[in-house]
Structures are given as structure tokens and as C-alpha cells.
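Q: Any chance you can model this:
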Amino acid sequence: MPASEIAHLTVLVVEDVRATRVIVRAILRSFGIADVVEASDGQEALTVLGQRHIDVIITDLCMEPMDGVEFTRRLRTPRNGLNPYVPILMVSAHADIAHVKEAIAVGVTEFLSKPIIPANLESRLLSIVRAPKRRISSKTYCGPDRRRSNSRTANRRRASDKTDTPVS
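A: Modelled structure (predicted):
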């Protein structure tokens, strides 16, 4: 049963709409995930990350006062005292290519369009657990390799980027 692969996760849900947080929590609980932490915006999420260990973050794109893009950008900043490598699954009704590319550019690990379908959410979480992204560390960014590429582009990495084998 795939849910057992993700049941041990501690998941932070960052969403400004309380009803959506409740729904996401219920879906995660149906997967066997008992440790679900909630934050109503990016700033609150950064505070939570400074206080406890989180395995995966599920964040909305559009929130006030700090949206999911700015939250991800701040988390992926080196030497911020937080874990910049924690996987981030961004969810949004704005799933056009421009928003998805922006999310990937700031360091989102996976992207899921709303409405959230439980099977799709489970699939993304399993992808994060089963196939962690290569980690990059540079002067301005720490997080998953933002290049969603095949081996043709692997040799075009910046010399300043240090790659790291992900820890699951």
C-alpha cells in the first residue's frame, strides 16, 4: 500500500484559506499522515520551520501577505537558519506555464493544480519520497535542482553550483 511510504512524514500545509487547510489535512490523514502542521501564510510558515522539523511543505501560490513564491524564495536562501532543502509541493488554481516556471525557478520541488484531487496529491508526495531531486548549493540558492532536464543539459551547470545527493 503506497500510503505507508508517506505515513511517517511531517507535513506543513501553508494556505491562507482555512477551509482549504482543513480539506488538505483530511486528505493527508486519509493517507495515514498524522503529523500535519498548519500555517496561514509564508511568514507564519517560516516561523514554524524555525521551531520544528518538517519533511514536506504543501503551499498555496496565492496568499497574503507573503505568497508561496516569496516564501519559497526566502526558504531557499542560503544560511537562513532553516532547512533550505525541504521539498515543497506548490498547489494553485493558477497552473499556467508562466506560474509553473516561476515556481520552479524559485525552488519548488513539485507543482499541483487545484482543485486538489487526492490521488494526484498522493502521487506527488510519493514522487518526492521515491525520487528526491538533486540538491544544489550556491551563494544565492540552496534547494532542489531547478533544471527539469535530461542528461543533455546536465553538463551546462554553473561551476558555482555544488550538487549533493539527496537524503530521503
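Q: if I pick the spatially closest residue to residue 134 that is not a sequence neighbour, what's in contact with it?
A: With sequence-adjacent residues excluded and distances taken as C-beta to C-beta, 6 or more residues apart in numbering, residue 134 is closest to residue 145, at 4.3 Å. Placement of C-beta: from N, CA and C, glycine included. For residue 145, the contacting residues are 133, 134, 135, 136, 163, by C-beta atoms under 8 Å, 6 or more residues apart in numbering.
Q: buried sites along stretch 31-43?
A: 31, 33, 36, 37, 38, 39, 40, 41, 42, 43 (16 or more other C-beta atoms under 10 Å).
Q: Kindly report the same for stretch 99-116.
A: Buried-residue list, stretch 99-116, by 16+ other C-beta under 10 Å: 99-100, 102-104, 106-113.
Q: Return the subset of those lying in strands.
A: Here DSSP state E is the test, and the buried residues of stretch 99-116 give 110, 111, 112, 113 as lying in strands.
Q: Columns pLDDT on top of the residues you listed, output as CSV?
A: Converted to CSV, those look like this (pLDDT from 0 to 100):
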residue, pLDDT
110, 95
111, 94
112, 95
113, 94
